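S.K.: A predicted structure for the sequence below; I have some questions about it.
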Amino acid sequence: MTPQTTSQKPARQARPGSAGGSGASPSSAAAPTSSGAPASAQSAPSAASSTSASEALSARPSQSRLTALAAAALRPLRWLMHTVTPIGWGSLVLLAACGLTGAVMGWQEAWSAAAAVGIVAVSAWLWLIPRRGYSVNHNLLEPRVTVGDHALIRLTVTNPRTRPLLPSRMEMPVGPGRAVFVVPTLTPGAVHERGFVLPTQRRGIVTVGPVLAVQRDPVGLLQRERSLSTPQHIHIHPRTVRLGTVLHGVLRDIEGAVTQDLSSSDVAFHALREYVPGDDRRNVHWRTTARTGRLMVRQFEETRRSSLLVLLSTRQDDYAGEEDFETAVSIACSLAMDAIQDGREVRFITQIGALPTSSALRMLDTSCLLSTGEDDFGCDLLVRHACTAHPDASIVVLVTGQQVDRAVLARARGFAPLPMVTVALRAGQHGLSRHHAGTMPVVDMDRLEQLPTALRRAL
């Protein structure tokens, strides 16, 4: 059963408006009336409003009663739609046709056929008598797996009653498919266990369950499903690789990225200068002071903690196929997870929003929802928006597909500030190769395992 990925886009928040019961301020509600207006004229609107309000309040119970009556009237119809199968509806049509033919034409054969169909239809209802008593539980041995691994599902059916339970047919929805199995006769206290292996070829979130007790007549006219458990979800994470020490030479976490701003206290030494009032005396360099006879202090360059900005393009036209996008997702997740596990500051941004990077688990769970979109803007605008929102980033890694033109990548490099180290990684069918888009290095790759080598070539 192939799991199906469900893409979710962030819901728009409703803008708070002024309408509503709390829209009027207390001051306006308590404002005095004009002394020039007659009392009757002033009280008329309030009386009318109170009358309309009372009418609305009195109308609400009647509307709710009508809604309840309509729901009660439609409940049997909904039950029939879920219970009668297409074969059952066909048999009802056949029953009506045979009965009508027998009544109009007077054919005894038509009446016999109608009676036979009616007996079969009535006897089918006996198979829908509820069989209660099962205690069903299904457990996911690993609720989070990686693409290519196997997710194991263990199903346990128990008879907690003091009498035996007859065999039953059960089904368990697993993603877009269903697992069908038969529970044998269970004696009091007996347990029936089944194991299922879920193949995980695709990234996504797969819903497992609920377990359904299915009752169906032998002819297939009627079918009834009853839920016996609650659904659970399996997160199928993208494949990732560890980068080792590839980025350690670029993202310096001890000293940080040195800036051009001078400071009187930091860790990156710049030069010595003469003492001026207000300097911290702890920075006085006494050896140089003794040699020159003038008070000399140390001057430093300000440093900042390095920050990694991972940008993943979700534009559908950037990729030749779904496999290329899956490779790009694995590349971006590998970069973000490596930075998170090493304690570096990292941000993971796509056209549809930012992924959480507080922990690797939350980031991987959210990546299961990523999908391409036809209306997503280009990767050059993605770089522009991300660099504008996070100007403190030290290195920017743009992950996209090989369908993106180099001119677009060169334009994307122009949107990033010059101090930022900007690299583009393109996933596709072409093997490992290095190019340039303007001043930005571009590395093409067709496999996730090439990521450490691609970063070494790019940096």
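M.R.: Arrived safely, thanks for sending.

S.K.: avg pLDDT for stretch 407-425?
M.R.: Mean pLDDT, computed over stretch 407-425, is 87.

S.K.: now that stretch, how far from the centre of its chain.
M.R.: Here the centre of stretch 407-425 is set off from its chain's centre by 29 Å, with C-alpha atoms, centre = their mean, to the nearest Å.

S.K.: now it - C-alpha only, PDB.
M.R.: Extracted in PDB, the C-alpha atoms of stretch 407-425 (Å, rounded to 0.1, in the frame of the first residue of the first chain):
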ATOM      1  CA  ALA A 407      20.000  33.700 -15.200                       C
ATOM      2  CA  VAL A 408      17.300  33.300 -12.500                       C
ATOM      3  CA  LEU A 409      20.000  32.100 -10.100                       C
ATOM      4  CA  ALA A 410      22.200  35.000 -10.900                       C
ATOM      5  CA  ARG A 411      19.300  37.400 -10.200                       C
ATOM      6  CA  ALA A 412      18.800  35.600  -7.000                       C
ATOM      7  CA  ARG A 413      22.400  36.200  -6.000                       C
ATOM      8  CA  GLY A 414      21.900  39.900  -6.600                       C
ATOM      9  CA  PHE A 415      19.100  39.900  -3.900                       C
ATOM     10  CA  ALA A 416      21.400  38.600  -1.200                       C
ATOM     11  CA  PRO A 417      23.800  41.000   0.500                       C
ATOM     12  CA  LEU A 418      27.400  40.700  -0.500                       C
ATOM     13  CA  PRO A 419      28.700  39.500   2.900                       C
ATOM     14  CA  MET A 420      26.500  36.500   2.700                       C
ATOM     15  CA  VAL A 421      28.000  33.300   1.300                       C
ATOM     16  CA  THR A 422      25.400  32.100  -1.200                       C
ATOM     17  CA  VAL A 423      25.300  28.600  -2.800                       C
ATOM     18  CA  ALA A 424      22.800  26.900  -5.100                       C
ATOM     19  CA  LEU A 425      22.300  23.100  -5.100                       C
END
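
S.K.: what comes up buried for that stretch?
M.R.: For stretch 407-425, burial by neighbour count (16 or more other C-beta atoms under 10 Å) applies to 408-413, 415-416, 420-425. Quick note: C-beta positions are derived from backbone N, CA and C, even for glycine.

S.K.: so which pair among the residues you listed is furthest apart in space?
M.R.: 408 and 421 (19.4 Å; C-beta to C-beta).

S.K.: one step back: in strands, which of the buried residues of stretch 407-425 fall?
M.R.: Of these, the ones assigned to strands by DSSP state E are 421, 422, 423, 424, 425.

S.K.: between the residues you listed, which is closest to residue 111?
M.R.: residue 425 (76.9 Å).

S.K.: partner residues bridging that closest one?
M.R.: Here residue 425 sits in beta bridges with residue 399, residue 443, going by DSSP bridges.

S.K.: got any ranges where the stretch 101-250 of the chain has weak pLDDT?
M.R.: The model of the stretch 101-250 of the chain has pLDDT under 70 over residues 245-250.

S.K.: can you give me the helices for it?
M.R.: 108-124 (DSSP state H, counting those that start in this stretch).

S.K.: can you map out the strands along it?
M.R.: Listed in chain order, the strands of the stretch 101-250 of the chain (DSSP state E, counting those that start in this stretch) span 135-140, 144-146, 150-158, 168-174, 177-183, 191-199, 204-208, 212-216, 223-227, 232-237.

S.K.: make a markdown table from those strands and add distance to residue 373 and mean neighbour count to it.
M.R.: Putting those into a markdown table (distance: least, C-beta to C-beta, whole Å; neighbours: other C-beta atoms under 10 Å) gives the following:
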| stretch | distance to residue 373 | mean neighbour count |
| --- | --- | --- |
| strand 135-140 | 30 | 16 |
| strand 144-146 | 25 | 17 |
| strand 150-158 | 28 | 17 |
| strand 168-174 | 27 | 19 |
| strand 177-183 | 26 | 14 |
| strand 191-199 | 27 | 14 |
| strand 204-208 | 16 | 21 |
| strand 212-216 | 34 | 18 |
| strand 223-227 | 34 | 15 |
| strand 232-237 | 20 | 20 |
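
S.K.: including distance to residue 306, could those strands go into CSV?
M.R.: Output for the strands of the stretch 101-250 of the chain, formatted as CSV (distance: least, C-beta to C-beta, whole Å):
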stretch, distance to residue 306
strand 135-140, 38
strand 144-146, 28
strand 150-158, 37
strand 168-174, 44
strand 177-183, 46
strand 191-199, 40
strand 204-208, 33
strand 212-216, 53
strand 223-227, 52
strand 232-237, 26
